[in-house]
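Visitor: Here's a sequence, model it:
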Amino acid sequence: MSVEAASLKATRPVRAPGRADRSRLASFGLHAALVGASLIAVFPVFWVLVTSFKPDARAVETTPKLVNESSLDNYTRILAGEKGDFLAWFGNSVLIALMTTVLAVFLSATAGYAASRFRFPGKRSLMLSFLVVQMFPFAVLIVPLYNILLDLGLQGTSFGLVLVYCTTAVPFCTYMLKGYFDTIPGDIDEAGRVDGLSPFGVFWRLVLPLARPGLAVTAFYAFLTAWGEVAFASAFLSAADESKTLAVGLQVFVQQNRTEWGHLAAASILVAIPAVVVFYLVQRFLVTGLSSGAVKG
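Guide: Numbers count the residues shown, from 1 in each chain. Here you go, the predicted structure:
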């Protein structure tokens with residue numbers, strides 16, 4: 001082999017193994033694993049959907065098939081209020097979830113930006129405490145939070161429950177947004193200050209619009225924290241039917257002697273729809289926000 005040929009071979013870029021280099025057996029195994037994982041994830045949802053169309057007496061059948069009695073009666077009765085004030089529960093859940101999302105994202109964004117851009121005593125300890133707080137189970141926090149809400153006069157109110165949810169959502173969201181703000185060049189802040197913007201103006205008008213993927217991730221997490229939570233809502237809201245959230249209201253279908261599986265499944269499908277809609281609205285930001293927020297911490 002000549003010197004020129006050897007040099008050309010040495011400088012030729014090495015092609016990374018791709019789909020064409022994968023054996024048929026490996027490709028089949030990969031696709032089979034993906035299909036199996038998809039079936040495992042989708043089948044419970046499919047079963048609940050099928051059960052929601054069945055009457056309660058036929059809902060416990062072991063075969064996921066529609067029977068002749070299948071209809072929309074379960075949905076009609078739930079929305080008509082025959083099984084509880086579902087629309088009031090829905091309104092309470094939407095209000096609490098939106099308030100939690102807005103408040104948690106605002107607090108997390110300001111705290112994450114401060115931790116990313118400024119140096120102050122206790123900064124490292126503060127960020128570490130955000131992680132430590134996530135280690136405590138919800139059951140441990142119910143009693144101290146209950147006493148705090150009693151002292152503030154917020155026990156049994158929606159705003160008190162929003163504050164409780166923020167104690168769960170803000171630490172994680174702050175840590176995520178701090179990592180995302182670290183990926184935004186500090187030159188943007190300096191350019192804003194040269195143009196006469198205040199520190200808050202730089203944050204609000206320049207940095208925050210660039211952090212939309214990170215904000216979408218934290219907003220989705222804060223929304224889910226408040227939307228499907230049961231333990232805090234059961235402990236911190238009044239027992240009145242009109243004050244319940246959806247997750248707490250579903251307990252009316254589980255009675256001491258029997259469970260109305262058809263109505264419970266139908267209500268579960270209705271509860272899941274808003275979460276699916278929110279996920280659809282923010283899905284294009286999720287991958288970017290999660291990956292960027294996890295690069296630096």
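
Visitor: Just after whichever strand or helix holds Val50, pick out the following helix or strand.
Guide: Remark: Val50 resides in helix 24-51, with elements defined by DSSP states H and E. Downstream of helix 24-51, the next assigned helix or strand under DSSP H and E is helix 73-80.

Visitor: orientation of that next one relative to helix 24-51 in degrees?
Guide: Here the directions of helix 73-80 and helix 24-51 differ by 60 degrees (axes from the mean of the first three to the mean of the last three CA atoms, to 10 degrees).

Visitor: remind me which residues of the chain are low pLDDT?
Guide: The chain contains residues with pLDDT under 70 at 1-22, 61-70, 241, 287-297.

Visitor: Pull the contacting residues for the residue nearest in space to the middle of it.
Guide: For the chain, the residue whose C-alpha lies nearest the mean C-alpha position (CA atoms, centre = their mean) is Tyr221; its distance is 3.0 Å. For Tyr221, the residues meeting the contact criterion (CB atoms under 8 Å, 6 or more residues apart in numbering) are 169, 172-173, 176. All C-beta atoms are positioned from the backbone trio N, CA, C, and that covers glycine.

Visitor: any chance of those residues in CSV, with secondary structure and neighbour count too?
Guide: Formatted as CSV, the entries for the contacts of Tyr221 read as follows, by DSSP: H, G, I helix; E, B strand; the rest coil; neighbours: other CB atoms under 10 Å:
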residue, secondary structure, neighbour count
Ala169, helix, 25
Phe172, helix, 19
Cys173, helix, 29
Met176, helix, 24
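
Visitor: Would you quantify the distance from the residue nearest to the centre of the chain to Gly201?
Guide: Between Tyr221 and Gly201 the distance is 27 Å, computed by CB to CB, to the nearest Å.

Visitor: neighbours of Glu260, just the number please.
Guide: Neighbour count for Glu260, taken as other CB atoms under 10 Å: 19.

Visitor: May I ask which helix or strand encompasses Phe181?
Guide: Remark: Phe181 resides in helix 158-182, with elements defined by DSSP H and E.

Visitor: Buried ones in that helix, by neighbour count?
Guide: If you call a residue buried by 16 or more other CB atoms under 10 Å, then helix 158-182 has these buried ones: 158, 160-166, 168-182.

Visitor: ok, now stretch 264-281?
Guide: Using 16+ other CB under 10 Å as the test for burial, stretch 264-281 gives 264-272, 274, 278.

Visitor: how near is Met127 to Leu177?
Guide: In terms of CB to CB, Met127 sits 12 Å off from Leu177.

Visitor: picking up where we left off before, am I right that the residue nearest to the centre of the chain sits in a helix?
Guide: Yes. Counting by DSSP: H, G, I helix; E, B strand; the rest coil, Tyr221 is located in a helix.

Visitor: Lys54 versus that one, what's the distance?
Guide: Distance of Tyr221 to Lys54, given as CB to CB: 34 Å.

Visitor: same check, this time on Gly29
Guide: For Gly29, the distance to Lys54 - CB to CB - is 37 Å.

Visitor: what about the two, which has more around it?
Guide: Neighbours were tallied for Gly29 and for Lys54 using other CB under 10 Å; the higher tally belongs to Lys54 (24 against 12).

Visitor: my read: that one touches Gly262, true?
Guide: Yes. Assessed by CB atoms under 8 Å, Lys54 is found in contact with Gly262 at 5.2 Å.

Visitor: intersection of neighbour lists for the two?
Guide: With contacts taken as CB under 8 Å, 6+ apart, Lys54 and Gly262 have Asn74 as neighbours in common.

Visitor: Spell out the residue ranges of the helices in the stretch 151-297 of the chain.
Guide: Taking DSSP state H, counting those that start in this stretch as the test, the helices found in the stretch 151-297 of the chain are 158-182, 187-194, 199-202, 208-210, 212-227, 231-236, 246-249, 261-295.
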